[in-house]
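**Q** Pasting a predicted model and its sequence here:
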Amino acid sequence: MFDLGILRPNQYLDSIQNIDFAGLKEKGIKGLLFDIDDTIIARRSDVIGPMLFNFFENLKDQGFSVLLLSNNFNPGRVERAANELKLPFLATVFKPLSFGYKKALRILNLHSPEVAVIGDQLFMDILGGNRMEMHTVLVKPISREIAWYRKIMRFAEQWVLSRLAL
């Protein structure tokens, strides 16, 4: 039988605002890989407001290396967000496959145990980060799903989360 433990995030929080970054730093985390869609901005929005900009500037001021890591097939959308936030990015990385995570490690010049993956998708962000032995933080999605196939994925995620007792 499939071991659901590979899907267990190290942390499950309401939003990126609830992450204890000082605590991550104490654990030796130096790099942060953020998903974009429904983690930092709504899937159907391109708005990077001043609060989000200041949030990422604060992380950089704390000494974190930050990179946006996205499965989005519209690299222009990812690049616009990254440029506004003044962050490096990788788009269309096919999470949970490892090559995007490995490339992010090379860009940040860090090793897996020094990096936290922060995202809203259990089967993409968390599975990929866990496979790479990174610290994983699952946050609740910012917006509701409207596509039927994504609704099915969210239902499956909720089923797994209930089995993991998070």
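**A** Perfect, thanks for sending it.
**Q** Report whether K25 is found in a helix, as I expect.
**A** Yes - when DSSP: H, G, I helix; E, B strand; the rest coil is applied, K25 is found to be in a helix.
**Q** dump the residue contacts of it.
**A** Neighbouring residues of K25 by Cβ atoms under 8 Å, 6 or more residues apart in numbering: 62-64. C-betas here are computed from N, CA, C, even on glycine.
**Q** Could you list which residues are in contact with the closest residue to L122 other than its chain neighbours?
**A** Spatially, and ignoring its direct neighbours in sequence, L122 is nearest to E157 (4.4 Å; Cβ to Cβ, 6 or more residues apart in numbering). Contact analysis of E157 by Cβ under 8 Å, 6+ apart lists 121-123.
**Q** T92: how many residues sit nearby?
**A** Close neighbours of T92, defined as other Cβ atoms under 10 Å, add up to 13.
**Q** so it touches N71, yeah?
**A** Yes - the pair T92 / N71 is scored as a contact, 6.7 Å apart, by Cβ atoms under 8 Å.
**Q** Name the residues of the lengthiest helix in the chain that are buried.
**A** When the chain is parsed with DSSP state H, its longest helix is helix 148-164. Within helix 148-164, the residues scored as buried using 16 or more other Cβ atoms under 10 Å are 157, 161.
**Q** Please state the mean pLDDT value computed over that helix.
**A** Mean per-residue pLDDT for helix 148-164: 83.
**Q** With stretch 125-143 instead?
**A** If you average the pLDDT over stretch 125-143, you get 95.
**Q** In it, which residues are buried?
**A** By neighbour count on 16+ other Cβ under 10 Å, the buried set for stretch 125-143 is 125-132, 134-139, 141-142.
**Q** ok, so of the residues you listed, who is nearest A81?
**A** I142 (13.3 Å; Cβ to Cβ).
**Q** Return the residues in contact with that closest one.
**A** 15, 38-43, 120.
**Q** backbone phi and psi for it, please?
**A** When read as degrees, to the nearest 10, the backbone of I142 gives phi -70, psi -40.
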